[in-house]
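> Provided below for reference: sequence and predicted model.
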Amino acid sequence: MFDRLTERLDDVFRQLRGQGRITERLLDESLREIRRALLEADVNFKVAKEFLGRVRERALGQAVMKSLTPGQQVIKIVHDELVSLLGTATATIDLAPQPPTVVLLAGLQGSGKTTIAGKLALHFQKRDRLPYLVAADTTRPAAVDQLRTHGATLGVEVFGPEQAQTQDPVEICRLGVLQARSRNRSIVFLDTAGRNSIDEKMMAQVTRIREVCEPDEVLFVADAMLGQESVETATRFHEALAFDGVILSKMEGDARGGAALSIRQVTGVPVKFIGTGETLEALEPFHPERVASRILGMGDVMSLVEKAENAFDSEQAQRLEAKMRKEAFTFEDFKEQLQAVKRMGPLDQLMGMIPGASKAMKGMQVDDGAFNQTEAIINSMTIIERQRPQILNGSRRRRIARGSGTSIQDVNRLVKQFGAMQKMMRQMSRPGRRGRGRGMPQMPAGFPGA
C-alpha cells in the first residue's frame with residue numbers, strides 16, 4: 001500500500017532535511033519531484049495541482065523560511081495537507097436511532113461488493129451488533145452463493161431470491177429489510193448488482209432500490225487498483241446516486257494509491273473503509289491522519305496496536321505469561337502465537353505500520369511463507385514432541401521433515417531457534433532482570449518475523 005509513493009517522497013524529503021535553509025528555487029524543484037511522484041501514483045491531475053499549490057503557499061511563509069529546521073517544516077506542511085486531502089476526520093457508518101440501519105452497497109462488477117458486504121458484517125459483529133445480509137445481485141452468476149458462504153462462515157443470516165421467491169432485486173431488498181426488522185437485527189447490508197461499465201439500466205435499478213428501501217447509508221465500493229478510472233466511475237455514480245461514502249477495496253494490491261488520495265477531493269464524500277486483503281478480517285476504518293503518516297513513512301502505531309488487540313486473546317496472553325514465568329513455553333504455545341500474528345495481516349503491511357521499518361528494510365523481502373513453513377513443521381510433530389522438544393532426536397527430526405515437506409536442516413534450524421527463544425523468555429521472566437542496562441533480549445536471528 002503506497003510503497004512506491006512513499007519511496008519517492010522519502011527521496012525528496014531526504015534532500016530537504018539536509019538543507020540549512022529553503023530557497024524558493026529549491027522548494028520548486030522539490031515540489032516538481034513530489035508532483036511526479038503523485039502523478040506516478042495515479043493521483044488525479046487537478047487534485048495534485050491544487051495540493052501542491054497549497055503546500056507551496058504555506059511553505060513560502062516566513063515561519064518556514066526563517067526556521068532552524070526548514071526541511072522538517074516543509075514535511076509537516078505536506079503531512080497536514082495530505083490529511084486535509086484525505087478528509088481530516090475519520091468517517092463512520094452512523095447507526096440509525098431505530099434499527100436496523102440499512103446500508104446499500106453499489107459499484108461496478110468486480111469491485112468486490114459481495115466480499116465487502118461480508119467484511120462489514122464481521123466488522124459490526126465484532127462490535128456486538130447483529131448484522132443481516134441481503135443478496136440482491138441476481139445478475140452475476142454465483143453472487144448469491146458467495147454471499148451465503150460468507151454468511152455461513154460468520155454465522156450471519158442471508159436473505160436472497162429463494163426466501164423472497166422472486167428474482168427482482170428491488171423486491172428482494174424490500175423484503176430483506178422487512179425481515180431484518182422483524183428479527184431485530186442491528187444493521188442490514190444490501191449487496192446490489194454491478195456491471196462491467198455504467199449503464200442506464202443498472203443506475204435505474206439501484207436508484208429504485210434506494211427509493212423503495214430508503215437506506216440510511218449508500219456506500220460506493222471502488223476498486224483501488226483501477227486508479228483514476230475508479231475516481232471517474234465514482235464521480236458518475238455520485239451524480240446519479242449521491243452516495244454518502246466510499247469503500248476502497250483491494251488496497252493491498254495497489255502500490256500506487258492514487259484512488260485513495262483523489263476520490264474524496266473529486267466526489268466530496270469521505271472514504272470510510274479500506275479493504276486490505278482477501279480474508280473477511282481484512283477491512284480497516286479509514287483514518288486520514290494515519291494514512292497520511294503511512295504515506296510519508298512515519299508508520300501507523302495506533303492501527304498496529306488495534307490489530308494486535310483484535311488478534312490476541314487476552315486470556316491466551318495471560319496463560320502465556322504464566323507459562324513464561326514457569327518456564328513452560330512449548331511449541332504448542334508458539335504455534336498459537338504464530339496464528340495470532342497471521343490474523344493481524346500480511347507481514348509487509350504490518351512492517352509499514354512501524355515507524356522507520358519500511359525505510360530500514362528497503363529492498364528486503366518480508367516473507368509470509370516463513371510462517372507457513374514453521375507451522376507445517378510444528379504440525380508434523382506429535383503432541384508430546386511439541387510439549388517436550390528435548391526428545392527430538394535424529395530419527396524424529398527426519399520424520400518431521402518428511403511430513404512437513406521441508407529439509408532436516410529446516411527442522412534443526414527451527415529447534416535451535418526455539419531453544420534460543422525459550423532461553424530469552426526465561427531471562428525476561430526472572431525477577432530483577434529488567435532495568436539493569438542489559439536491554440531487551442532480541443529475537444533469535446532468522447526467526448520468522450524477527
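Noted; the coordinates are in hand. Numbering: from 1, shown residues only.
> residue farthest from the centroid of this structure?
The outermost residue of the chain, judged against the average C-alpha position, is residue 395 (43.3 Å), by Cα atoms, centre = their mean.
> distance of that one from residue 41?
Noted for residue 395: a distance of 55 Å to residue 41, by Cβ to Cβ, to the nearest Å. Every residue, glycine included, has its C-beta placed from N, CA and C.
> where does pLDDT dip in this structure?
Residue ranges of the chain with pLDDT under 70: 1, 62-68, 195-198, 253-257, 297-328, 342-369, 425-450.
> mind checking the longest helix of it?
helix 408-429 (DSSP state H).
> on contacts alone, who are the packing partners of that one?
helix 314-325, helix 331-343, helix 369-379, helix 394-404 (3 or more Cβ pairs under 8 Å, 6 or more residues apart in numbering; DSSP states H and E).
> which residues in the stretch 51-200 of the chain form helices?
Secondary structure of the stretch 51-200 of the chain (DSSP state H, counting those that start in this stretch): helices at 62-65, 70-86, 113-125, 143-154, 161-164, 169-182, 200-213.
> looking at it, residue 143 is touching residue 135, isn't it?
Yes - between residue 143 and residue 135 there is a contact under Cβ atoms under 8 Å: 6.8 Å.
> any common contacting residues for the two?
residue 191 (Cβ atoms under 8 Å, 6 or more residues apart in numbering).
> more neighbours, these two?
Remark: of residue 143 and residue 135, residue 135 carries more neighbours, 30 against 21, as counted by other Cβ atoms under 10 Å.
> got phi/psi on the most centrally placed residue in the chain?
When Cα atoms, centre = their mean is applied to the chain, the residue found nearest the centroid is residue 276 (3.5 Å). Note on residue 276: its backbone torsions stand at phi -120, psi 10 [degrees, to the nearest 10].
> and it, how close does it get to residue 420?
According to Cβ to Cβ, residue 276 stands 33 Å off from residue 420.
> same thing with residue 148?
47 Å.
> residue 160 too?
Applying Cβ to Cβ, the value for residue 160 to residue 420 is 54 Å.
> so between those two, which is more surrounded?
Neighbours per residue (other Cβ under 10 Å) separate residue 160 from residue 420, with residue 160 holding more: 21 against 16.
> quick one, what contacts the more buried one?
Applying Cβ under 8 Å, 6+ apart, the residues near residue 160 are 134, 135, 136, 144, 147, 148, 172.
> please convert these to JSON lines, extending it with distance to residue 296.
Shown next, in JSON lines, are these (distance: Cβ to Cβ, whole Å):
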{"residue": "134", "distance to residue 296": "40"}
{"residue": "135", "distance to residue 296": "41"}
{"residue": "136", "distance to residue 296": "41"}
{"residue": "144", "distance to residue 296": "43"}
{"residue": "147", "distance to residue 296": "38"}
{"residue": "148", "distance to residue 296": "42"}
{"residue": "172", "distance to residue 296": "45"}
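> return the closest of these with respect to residue 294.
residue 147 (31.1 Å; Cβ to Cβ).
> report how many residues lie close to the closest one.
Residue 147: 27 neighbours (other Cβ under 10 Å).
> could you find the closest non-adjacent residue to it?
Spatial nearest neighbour of residue 147, excluding adjacent residues (Cβ to Cβ, 6 or more residues apart in numbering): residue 135 at 4.4 Å.
> ok, now residue 89?
residue 288 (7.1 Å).
> state the distance from the one you found to residue 424.
39 Å.
> how about residue 235?
55 Å.
> give the residue from those two that has the larger number of neighbours.
residue 424 (17 against 14).
> one step back: chain center to the longest helix of the chain, what's the gap?
31 Å (Cα atoms, centre = their mean, to the nearest Å).
> distance check, residue 10 against residue 18.
13 Å.
> neighbour count for those two, which is higher?
A count of neighbours by other Cβ under 10 Å puts residue 10 above the other of residue 10 and residue 18, at 15 against 8.
> what about the more buried one, which SS state?
The three-state assignment at residue 10 reads helix, by DSSP: H, G, I helix; E, B strand; the rest coil.
> same thing with the one 3 residues further on?
Three-state call for residue 13 (three-state DSSP): helix.
> how does this structure divide into domains?
Annotated domains of the chain cover 3-86, 101-300, 305-429 [automatic domain parsing].
> would you turn the ones you listed into TSV with distance to residue 93?
TSV is the format used below for the domains of the chain (distance: least, Cβ to Cβ, whole Å):
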stretch	distance to residue 93
domain 3-86	18
domain 101-300	6
domain 305-429	17
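> just those domains: most buried one?
Most buried of the domains of the chain, by mean neighbour count (mean count of other Cβ atoms under 10 Å): domain 101-300, with a mean of 20.
> report the distance from that domain to the chain centre.
On the basis of Cα atoms, centre = their mean, domain 101-300 sits 16 Å off its chain's mean C-alpha point.
> surely residue 226 and residue 258 touch.
No - if you go by Cβ under 8 Å, residue 226 and residue 258 don't touch, sitting 9.5 Å apart.
> overlap in contacts of those two?
Contact with both residue 226 and residue 258 is made by no residue, according to Cβ under 8 Å, 6+ apart.
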